[in-house]
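In: got a sequence here, can you build the structure:
(chains A and B)
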Amino acid sequence: EAGVAQSPRYKIIEKRQSVAFWCNPISGHATLYWYQQILGQGPKLLIQFQNNGVVDDSQLPKDRFSAERLKGVDSTLKIQPAKLEDSAVYLCASSQGGGWETQYFGPGTRLLVL
Amino acid sequence: AQKVTQAQTEISVVEKEDVTLDCVYETRDTTYYLFWYKQPPSGELVFLIRRNSFDEQNEISGRYSWNFQKSTSSFNFTITASQVVDSAVYFCALSEPGDTGFQKLVFGTGTRLLVSP
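Out: Numbering: from 1, shown residues only, chains lettered A, B, ... in the order given. Presented below is the predicted three-dimensional model:
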């Protein structure tokens, strides 16, 4: 079974530019998550989708971050405009349901904002 | 208040030594789940174990074992006869209801394990 796919793996941009990350979850997984992991810290949830609806975006900086999961499968996370403090690894995860199910993570996208 | 505390920032051992990674959590819920994930240098978080709050039985999987103590709110992870390939950052996580009612995974800050030959 294929795992969670993410692209790109690395991205370097200058501040105020925009960037987008893509995630394809494990087939059949209804719930998709985006996390931000700053160096030396644990992952922090940005947004959670159940199928194509948002169920938790309380920690998403909505003035610059947006995410969508239009057909309930793959998802895109966008940052516009980027700030220096957005430098982090962006992890996508998926689970079969949104309850106590185990979340499986992709390899992440490492973003550096200069 | 910090929900998941991993007080050990970094641990260094020599191959074949046993090592225990500590995890202390805080929750007011009676139903919750605890997880351990491994993050090797490649960056991907690898699932190791999930344990629910009603199952305090210790678990062993090969060289890995977990000790869940509800009385002390701890869920410690022991690697027996460590190997160089065990070098990674290990995260403990707690799943509990978020503000929306859906489950939310809260991670500790991780413990970096360095196993030298």
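
In: which non-adjacent residue is nearest the residue in chain B that chain A sits nearest to?
Out: At 3.1 Å from chain A, B:Phe107 is the closest residue in chain B, using CB to the nearest CB. The C-beta positions use only the backbone N, C-alpha and C, and glycine is treated the same way. The shortest distance from B:Phe107 to any residue other than its chain neighbours is 3.1 Å, reached at A:Gly42 (CB to CB, 6 or more residues apart in numbering or on different chains).

In: my read is that that neighbour contacts B:Gly110, right?
Out: Yes - with contact defined as CB atoms under 8 Å, A:Gly42 counts as touching B:Gly110 (5.6 Å).

In: in stretch A:16-30, which residues are buried?
Out: For stretch A:16-30, a neighbour-count test (16 or more other CB atoms under 10 Å in any protein chain shown) marks A:19, A:21, A:23-26, A:29-30 as buried.

In: put the alpha carbons of it into PDB.
Out: Once side chains and other backbone atoms are set aside, the C-alpha atoms of stretch A:16-30 remain, and they are given as PDB (Å, rounded to 0.1, in the frame of the first residue of the first chain):
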ATOM      1  CA  ARG A  16       6.900  37.900   0.600                       C
ATOM      2  CA  GLN A  17       6.800  35.300  -2.100                       C
ATOM      3  CA  SER A  18       4.100  32.600  -2.300                       C
ATOM      4  CA  VAL A  19       4.500  28.900  -2.100                       C
ATOM      5  CA  ALA A  20       2.300  25.800  -2.400                       C
ATOM      6  CA  PHE A  21       2.600  22.300  -1.100                       C
ATOM      7  CA  TRP A  22       0.800  19.200  -2.300                       C
ATOM      8  CA  CYS A  23      -0.300  16.100  -0.500                       C
ATOM      9  CA  ASN A  24      -1.900  12.800  -1.600                       C
ATOM     10  CA  PRO A  25      -3.100  10.700   1.300                       C
ATOM     11  CA  ILE A  26      -3.200   7.000   1.700                       C
ATOM     12  CA  SER A  27      -6.000   5.600  -0.600                       C
ATOM     13  CA  GLY A  28      -9.300   5.400   1.300                       C
ATOM     14  CA  HIS A  29      -8.300   7.700   4.100                       C
ATOM     15  CA  ALA A  30     -11.100  10.200   4.800                       C
END
